[in-house]
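**Student:** Predicted model follows, preceded by the sequence.
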Amino acid sequence: MKEEEVRNVQAAAKPLQGIPGRLARLRSEFPALGIDALLITHGPNRHYMTGFTGSAGMALITEEGAVLVTDFRYMMQAKDQAPEYSVIQHEVQIFRTVAALTGKSGVHRLGLESRHVSLQQSGQLQAALGPLEYVHTEDVIERLRDVKDEDEIRTISEAARMTDAAFTEVLNYIRPGVTERWIAAELEYQLRLAGADSGGFAFIVASGERSALPHGLASDKEIGQDEFVTMDFGANVRGYLSDITRTVFVGKPSERHKELYAIVLEANMKTIAGLRPGLSGREGDSLGRDVIASYGYGEQFGHGLGHGFGLEIHEQVRLSRESKSVLVPGHVITVEPGIYIPGFGGVRIEDDVLITDDGVKVLTSSPKEMIVL
């Protein structure tokens, strides 16, 4: 990417400090979008724009006002968490309340989150709101969420530390005869003991031949002797997530096991060493992919090298062969090379990485050298 293009991307991607900054930035997008209000229905976007962590409600952002509509269960919580918003309890049908609000606000062109409004909801909206002009927007708030501010980075770092703590503890329980599902439950338990609100997603625990499944969710399989155990897990801390993968070995590793692990570790470390602001997602992906391919295992690494995360486990920034992303300070991404061989097993080593002004900061600190149990 040309130096001037990099500067333009970095200039447009400054972190938004706090809810007022996010509101101002969103409203600045209205003219280009051709709207005079945006209705937010997607939970993570509602959380980001309001600070409200409840599970139900919608936010209506106009050029002059901001309203959070929720139900009786969340009224006290919403008023506490979203002080910049007028909080309103909706009627039995939430869209009728939204319709009344748009009428009072003089809204004519209402933006909708096209990825998150179902066909049924669209019909309900139009029936309730009447002859408004609807504009289907795409990833408006998701783009704002890409670059994390100081509070977000602090929370994700906290989640990463809890994940490291859980990994350290679970090593005491991994042995032949223990099921993958039991290890997943122990990881969840240890995360909560460390202070997490919950696990961040459905954990992957895959052992033996199942470790060749990149998304091998924990099963009733018992861990055997002389096999890999891959664990992909993370914490949820105040809505923000961490995401780590470590592969350990139970028993005595063969030379092939050692070779695969060493290749993936090299790919992980070379990628982290080469990441920097201005690098494209395709270039970042090639840092690790080229290492794996050079050893003849390119066909056994079929997924992207990494992805952004925060309020969701997969966000827009990508390290992949098809990525259009450009890395800027404030991006938080995973680096997760892997090799997967059906009938034998697989290895993945994943870290959480913050892009800084001059390189990266690795947020996860669990050991990466091969652990043999």
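**Tutor:** On my side now, so go ahead. Residues are numbered from 1 along each chain as shown.

**Student:** Surely L171 is in contact with V248?
**Tutor:** Yes: distance between L171 and V248: 7.1 Å, which falls inside the contact criterion (Cβ atoms under 8 Å). For glycine as for every other residue, the C-beta is placed from the backbone atoms N, C-alpha and C.

**Student:** which other helices and strands contact the host helix or strand of S286?
**Tutor:** When elements are defined using DSSP states H and E, S286 is found to belong to helix 281-294. Helix 281-294 is packed against helix 255-274, strand 315-319, with contacts defined by 3 or more Cβ pairs under 8 Å, 6 or more residues apart in numbering; DSSP states H and E.

**Student:** K361: what's it in contact with?
**Tutor:** With contact set as Cβ atoms under 8 Å, 6 or more residues apart in numbering, K361 has these partners: V353, L354.

**Student:** cutoff 10 Å now
**Tutor:** K361 makes contact with I153, S157, I272, V332, D352, V353, L354, I355, according to Cβ atoms under 10 Å, 6 or more residues apart in numbering.

**Student:** Only whichever of these are buried, select them in ChimeraX.
**Tutor:** Once 16 or more other Cβ atoms under 10 Å is used to decide burial, the buried members of those can be selected in ChimeraX as follows:
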select :153,157,272,332,352,353,354,355
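
**Student:** related to what we said a few turns ago, mind listing the shared neighbours of L171 and V248?
**Tutor:** Residues touching both L171 and V248 (Cβ under 10 Å, 6+ apart) are P367, I371, L373.

**Student:** still on that earlier bit, between L171 and V248, point out the one with more neighbours.
**Tutor:** When L171 is set against V248 and neighbours are counted by other Cβ atoms under 10 Å, the residue ahead is V248, at 19 against 13.

**Student:** Doesn't the more buried one belong to a strand?
**Tutor:** Yes: the assignment for V248, made by DSSP: H, G, I helix; E, B strand; the rest coil, places it in a strand.

**Student:** Skipping adjacent residues, who's closest to it in space?
**Tutor:** Spatial nearest neighbour of V248, chain neighbours left out: I371 (4.4 Å); criterion: Cβ to Cβ, 6 or more residues apart in numbering.

**Student:** swap in F95?
**Tutor:** Skipping the residues right next to it in sequence, F95 comes nearest to A128 by Cβ to Cβ, 6+ apart, at 3.8 Å.

**Student:** can you tell me the average pLDDT over the helix or strand hosting the one you found?
**Tutor:** Secondary structure assignment for A128, by DSSP H and E: helix 119-129. Mean per-residue pLDDT for helix 119-129: 80.

**Student:** Any buried residues in the helix or strand following it, and which?
**Tutor:** Next helix or strand after helix 119-129 toward the C-terminus (DSSP H and E): strand 133-137. For strand 133-137, the buried set under the neighbour-count rule, 16+ other Cβ under 10 Å, comprises Y134, V135, T137.

**Student:** For the helix or strand that strand 133-137 is followed by, which outside residues touch it?
**Tutor:** Toward the C-terminal end, the helix or strand that comes next after strand 133-137 (DSSP H and E) is helix 140-145. Contacts with helix 140-145, where a contact means Cβ under 10 Å, 6+ apart, come from 12-13, 15-16, 21-22, 25-26, 29-30, 32-33, 35, 38, 40, 42, 44-49, 59, 61, 111, 113-116, 139, 152, 308, 310-312, 315-317.

**Student:** Tell me how many other residues surround V347.
**Tutor:** In terms of burial, V347 registers 27 neighbours under the definition other Cβ under 10 Å.

**Student:** likewise G346?
**Tutor:** When neighbours are counted by other Cβ under 10 Å, G346 registers 24.

**Student:** residues in contact with it?
**Tutor:** In this structure, G346 makes contact with 206, 209-214, 216, 228, 230, 247, 260, 264, 300-301, 338-340, judged by Cβ under 10 Å, 6+ apart.

**Student:** Which secondary structure state is assigned to it?
**Tutor:** Counting by three-state DSSP, the three-state call for G346 is strand.

**Student:** Could you measure from it over to A59?
**Tutor:** In this structure, G346 and A59 are 42 Å apart, going by Cβ to Cβ, to the nearest Å.

**Student:** go on, E255?
**Tutor:** Applying Cβ to Cβ, the value for E255 to A59 is 57 Å.

**Student:** Who has more neighbours out of the two?
**Tutor:** Between E255 and A59, counted using other Cβ under 10 Å, A59 has the larger neighbour count: 24 against 7.

**Student:** is that one in a bridge, and if so with what?
**Tutor:** A59 has the following beta-bridge partners by DSSP bridges: I40, L68.
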